[in-house]
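take this sequence and fold it.
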Amino acid sequence: MTQDPASQSFPTSHPSRATHPGVQVLGEQGLEGRKAFFIQIEARPGQEEAVVQMLQDIRACVENEPATGPWFAVRFSRTSFGIFEAFPDLAGRQAHVQGGGGDIFRDVARMNAILADAAKVHRADVLMSKDHFSHRRED
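Residues are numbered from 1 along each chain as shown. Below you'll find the model as predicted:
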């Protein structure tokens, strides 16, 4: 089995190590069509605000990426966070990986300092979406 170029853009994780290489990419690249990443992030205890800052830094990068569509950073608990981001196609997702957000994840020293384990980047195909908020009409 050969690796596709996107899997080589992020290092792979070895969970048994005390430190980690920042990112573990999961899932297949998939065929052409709309794409997404769902990223699971677990902060080291006491590093939660540093993770929030990292998310702010990533958001600043995606603001200037024409092929990054809906982007959400979420918090599940005190130390558990996530990112969901969507792209129109494979090229858009790859451009994102090679951009500023990808640079942040490739900063292994920063990731080792603030994350309990490698961020788990799940590749996904977008099957359906509702890309905007509906507004109720005020009567």
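
low-scoring stretches of the chain, by residue?
The chain contains residues with pLDDT under 70 at 1-19, 137-139.

skipping its backbone neighbours, what lies nearest Phe38 in space?
Spatially, and ignoring its direct neighbours in sequence, Phe38 is nearest to His122 (4.5 Å; Cβ to Cβ, 6 or more residues apart in numbering). Yep, even glycine has a C-beta here, placed from its N, CA and C like the rest.

which residues in this protein form strands?
In the chain, the strands defined using DSSP state E lie at 23-26, 35-42, 71-75, 80-87, 119-125.

can you list those in JSON lines and add distance to Asp131 and mean neighbour count?
Shown next, in JSON lines, are those (distance: least, Cβ to Cβ, whole Å; neighbours: other Cβ atoms under 10 Å):
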{"stretch": "strand 23-26", "distance to Asp131": "25", "mean neighbour count": "21"}
{"stretch": "strand 35-42", "distance to Asp131": "12", "mean neighbour count": "21"}
{"stretch": "strand 71-75", "distance to Asp131": "12", "mean neighbour count": "15"}
{"stretch": "strand 80-87", "distance to Asp131": "8", "mean neighbour count": "20"}
{"stretch": "strand 119-125", "distance to Asp131": "15", "mean neighbour count": "19"}
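
just put the ones you listed in TSV and tack on distance to Ala60.
Formatted as TSV, those follow (distance: least, Cβ to Cβ, whole Å):
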stretch	distance to Ala60
strand 23-26	19
strand 35-42	16
strand 71-75	11
strand 80-87	13
strand 119-125	18
